[in-house]
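> coords please:
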Amino acid sequence: MAAAMVVTLLGSIQAEPSRKTVLPHDTCPGTGIFKLPPGSGGLRMLQTGFNDFFTVLNDGQIMTTSDLSPLVNRPVNLVVLEEASNETELHSLELYVLARQDMLTFPEETYEGEVPENSPGDTAVSGVPPIRALGGGVGGLPVRYSIISGNDDGAFRLVGNDSSGVWLVTEMPLDREKEATRKLVIQAADGRGVDRATTVVNVNVLDENDNSPVFKQPVYRFSVPPNLHSNPLRFPVVGKVEATDADGDKVAFRLITPSNAVVIVPQTGEILLTGDPLDTECEIRVEAHDVRSPSKSADISARVWLQFTSPVLIDDNHLQVLHRERRRVTRAVRPTKRIDFPESDGETEGRVVFQLEKETDRETFKIRDENPWVTVEPNGSVRVKKKWDYEELGPEKSIDFWVTITNNGNGGKFKFQMYNIVLSL
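Prediction:
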């Protein structure tokens, strides 16, 4: 433990009052205990009764020269005189030599604890045992404990008997979104204030789902050009809604009421055109919810206005708006299906995990895009393609895939359906 040197004026001599430094009694001779700041003068240690135990080197290093056991529990004052051509300066150092077994130490340098977010005051930090320093026998007085760093807002305090250790508890509810981890430095000091020791307690604030998703805007307006739905094999994106969650959770979306014209991708908020609209404009409502259990939904849903524009013909004299001819819809989208499975159901490759539902016996199924986790057979059997791994699926823990449903007995008309497999441990 280093000592600081302070300067006072004593005639033409500058003197530095000292700060206490503690040494164990078994410090080996030849151990450097303090180094004076660089100076230009010569150095010599004045006689204070301890010159047989300490000396000062020319480079300013103060070191031990013999066994310190005779000095146990005795205050030691060392004075070094620095003489330069135009001034003289005194450097003083106050030491305490303690028996090593009496010196304060903590059993652990660092403790890891946790406390749930929004817990009331007086909640004990779990994972942290009673904090008690070893040693501290100087003066026969009890050891005192205090939080010396990381508690500027007074969110924590120590409770208990100083002689048997103290517990760390909260003083107020904690907000994880404001500060997820707190680093507290706890100090133990002996009765005379001579010896001190510190330990660190890292407190992790456990997240509570106390925030609902919030849409970035309450109303969305998207204009859909007439040629966007011309390709019947694709689902063009007409717009996208967005929401954030203050807890940092992944947000998913769904249509509050089904639509014949559009569907929404739960994971991205993209709105996909799936069929011919019946009107030139329509309003849909979208709900947002976080992906966790239990889940919280947005307090206010988003309103989405879709305007389906007609083609415009331009000649030299006027603009003519062509009316959309209503076509017979030859495709449709069934509602998204969400199915929950434990991870263990996907352990065996080739296993049928569930069967797609047929509306008629003539329907056949085909997965629309290649999927690493599942395959779909024409009869609707969904098989495990690769062993499901909960850790590889990302925060949403889901397997999403589109299925094309063809009705072979109805002129080859087809439909689409999205499946959302959610895994749990």
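> What is the burial count for residue 361?
Using other Cβ atoms under 10 Å, residue 361 is surrounded by 7 other residues. Yep, even glycine has a C-beta here, placed from its N, CA and C like the rest.
> quick one: low-confidence parts of the stretch 251-400 of the chain?
For the stretch 251-400 of the chain, applying pLDDT under 70 flags the ranges 276-279, 310-335, 394-396.
> all strands of it, in order?
Ranges of strands within the stretch 251-400 of the chain are 251-255, 262-264, 270-273, 281-290, 302-308, 312-314, 319-321, 331-342, 352-355, 363-367, 374-376, 381-384, 398-407, based on DSSP state E, counting those that start in this stretch.
> Go through these and name the closest to residue 209.
Residue 209 lies closest to strand 281-290 among these, at 6.7 Å (Cβ to Cβ).
> Next, the angle from the closest one to strand 251-255.
150 degrees (axes from the mean of the first three to the mean of the last three Cα atoms, to 10 degrees).
> And strand 281-290, how far out from the chain middle?
Remark: strand 281-290 is offset 30 Å from the chain centroid, using Cα atoms, centre = their mean, to the nearest Å.
> quick one: buried residues of it?
282, 284, 286-290 (16 or more other Cβ atoms under 10 Å).
> now, which of the residues you listed sits nearest residue 62?
Closest approach to residue 62 among the buried residues of strand 281-290 (Cβ to Cβ): residue 290, at 61.8 Å.
> Bridged to the closest residue in space to residue 256 that isn't next to it in sequence, which residues?
Leaving aside its sequence neighbours, residue 256 sits nearest to residue 285 (Cβ to Cβ, 6 or more residues apart in numbering; 4.1 Å). In this structure, residue 285 bridges to residue 303 when assessed by DSSP bridges.
> Likewise for residue 419?
Legend: beta-bridge partners of residue 419 under DSSP bridges are residue 337, residue 401.
> Local confidence estimate at it?
Looking at residue 419, its pLDDT stands at 74.
> got the contact list for it?
336-337, 339, 382, 400-403 (Cβ atoms under 8 Å, 6 or more residues apart in numbering).
> Quick check: closest non-adjacent residue to residue 179.
That would be residue 205: by Cβ to Cβ, 6+ apart, it lies 7.0 Å from residue 179.
> Could you give the number of residues near the one you found?
Neighbours of residue 205 under the rule other Cβ under 10 Å: 23.
> returning to that earlier point: please identify the deepest-packed of the strands of the stretch 251-400 of the chain.
Mean neighbour count (mean count of other Cβ atoms under 10 Å) peaks for strand 262-264 among the strands of the stretch 251-400 of the chain, with a mean of 24.
> partners of that one, with directions?
Next to strand 262-264 in the sheet, as set by DSSP bridges, lie strand 270-273 (antiparallel).
> just the CA coordinates of the strand it pairs with, formatted as CSV?
Only the C-alpha atoms of strand 270-273 are listed here, as CSV (Å, rounded to 0.1, in the frame of the first residue of the first chain):
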residue,chain,number,x,y,z
GLU,A,270,-43.3,-6.8,-43.7
ILE,A,271,-46.7,-6.7,-45.3
LEU,A,272,-47.0,-9.0,-48.3
LEU,A,273,-49.6,-8.7,-51.2
